[in-house]
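>>> give me a 3D structure for the following:
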Amino acid sequence: MKILFTGGGTGGHIYPILAVKRTIEKYNQDVKFLYIGTDGFANRAFKKENLKCKFIFTGKFRRYFSALNFIDVFKIPIGLIQSLWHVFLFMPDVVFAKGAYGSGPVVFASWLYRIPIIIHESDIVPGLANKIVSRFAKKIIVSFEEAKKYFPSQKTIVLGNPIREEIIQGNKEEAKKIFGLNSGKPVVLIMGGSQGARRINEIVINTLPRLLEKCEVIHISGENNFKLAKAEAEKMFHGQVEKMYHLYPFLEEQELKHAYAISDVIVNRTSAGAIFEISANGKPSVLIPLSNSASDHQIENAKALAKTGGAIILEEDNLTINMFLDAIFGILDNPQKAQEMGKKAKSFYKPETNQKIAEEILNYANKI
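Here you go, the predicted model:
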């Protein structure tokens, strides 16, 4: 059996693919996998999984004026030719597409070869790429009930967003060793998605003196922003900040799961992957949606989790130091509230998602 994955190169596409791959392997060890799409974070993540990759040129349809639009027009036919060649050589039994512009040429090439296609949409408001390729899909899986209206009802089902099961297997004692947490204070985990978030990093640095009075901070800045964040923190504390402030450019899965386990509050962006991982770990959170995300999908994602009572939303454009601190301290200072928020967040998680998506893929593969 052969299964082809495709999608964009960010964590929001890569991590669900990893989750699905690992689940399928539990059912059937005799499966060959291939990823075709854009690189970004893909090569780094998939190498560790021994998942073979083929990278293609992809053009992006920007909904605003940019000179890059003219360049990307020429990338599209090249990417399609590459996809036709790679798909032909692999000839999978089924394709699982996670959206983004990297999936478009691969889905179209697979459709030409009459290969069954299953697409998955993580966000409440679908991306343009998935809207376009949905016409070629046999099955469309969405994470939120609200997303169904964007696709043909007869082939759309709601199963949730797949997450890596390992991410909920962290241990607090192990976290203390890895991160050097020994103050006994609560722990706040601050992230900005797989690519980091400059605005979140800025406000963290500006609030550090007051944050560290009440808690220890594990801060994942993103690799592009790490040097700047480190320099600013060292300037503020004259090199003494490391005792309570634990800054990292990126955490691998084996580290991140322990960071989730030890955290009392999580601050993050609101990609679907982020909010489902937060909810799976049953943690109260402060969510800061990306203000200029396509179709405001991050805001809509955040609202879905906040409706349960498990999260607080702060708008990036109006974010102030006091608002940021009040949201975090309002949870830390009220253990009962924190516990209730964690339980409500946990109710948002769908533990059967990985299994059901894997079953859908295997069912279509076995129809060949």
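>>> which stretches of the stretch 151-300 of the chain have low pLDDT?
Low-confidence regions of the stretch 151-300 of the chain, defined by pLDDT under 70, span residues 193-196, 239-241.
>>> mind doing that once more with 80?
Flagging of the stretch 151-300 of the chain using pLDDT under 80 yields the residue ranges 193-196, 238-242, 292-295.
>>> what about the helices in it?
In the stretch 151-300 of the chain, helices defined by DSSP state H, counting those that start in this stretch lie at 172-179, 198-214, 226-237, 253-262, 272-280, 297-306, listed in chain order.
>>> packing partners for the shortest one?
Packed against helix 172-179, as judged by 3 or more Cβ pairs under 8 Å, 6 or more residues apart in numbering; DSSP states H and E, are the following elements: helix 253-262. Using the backbone N, CA and C atoms, a C-beta is placed for each residue, glycine as well.
>>> using PDB, list the CA coordinates for the helix it packs on.
Written as PDB, here are the backbone C-alpha positions of helix 253-262 (Å, rounded to 0.1, in the frame of the first residue of the first chain):
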ATOM      1  CA  GLU A 253       8.600  17.100  20.300                       C
ATOM      2  CA  GLN A 254      10.400  15.300  23.100                       C
ATOM      3  CA  GLU A 255      11.000  18.600  24.900                       C
ATOM      4  CA  LEU A 256       7.700  20.300  24.000                       C
ATOM      5  CA  LYS A 257       5.500  17.500  25.500                       C
ATOM      6  CA  HIS A 258       7.200  18.100  28.900                       C
ATOM      7  CA  ALA A 259       6.800  21.800  28.500                       C
ATOM      8  CA  TYR A 260       3.100  21.300  28.000                       C
ATOM      9  CA  ALA A 261       2.900  19.000  31.100                       C
ATOM     10  CA  ILE A 262       4.600  21.500  33.500                       C
END
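>>> in that helix, what counts as buried?
Of all the residues in helix 253-262, those buried under the rule 16 or more other Cβ atoms under 10 Å are E255, L256, K257, H258, A259, Y260, A261, I262.
>>> residues touching the closest residue to the third one other than its chain neighbours, list them.
Right, the one you point to is K257. With sequence-adjacent residues excluded and distances taken as Cβ to Cβ, 6 or more residues apart in numbering, K257 is closest to G170, at 3.7 Å. Contact analysis of G170 by Cβ atoms under 8 Å, 6 or more residues apart in numbering lists L256, K257, H258, A259, Y260, A261, I262, N281.
>>> got it, and W111?
Contact criterion Cβ under 8 Å, 6+ apart gives I117, F136 as the residues in contact with W111.
>>> what's the answer for N130, then?
Taking Cβ under 8 Å, 6+ apart as the criterion, N130 is in contact with A97, G99, S103, I119, E121.
>>> try 7 Å this time
Residues in contact with N130 (Cβ atoms under 7 Å, 6 or more residues apart in numbering) are G99, I119, E121.
>>> among these, which one sits closest to I178?
Proximity to I178 was ranked across the contacts of N130 by Cβ to Cβ; first place goes to G99, at 33.1 Å.
>>> out of everything not next to it in sequence, what's closest to the closest one?
N130 (4.2 Å).
>>> sorry, back to before: can I get the helices of the stretch 151-300 of the chain in JSON lines with distance to T38?
Rendered in JSON lines, the data for the helices of the stretch 151-300 of the chain read as follows (distance: least, Cβ to Cβ, whole Å):
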{"stretch": "helix 172-179", "distance to T38": "31"}
{"stretch": "helix 198-214", "distance to T38": "22"}
{"stretch": "helix 226-237", "distance to T38": "23"}
{"stretch": "helix 253-262", "distance to T38": "21"}
{"stretch": "helix 272-280", "distance to T38": "17"}
{"stretch": "helix 297-306", "distance to T38": "19"}
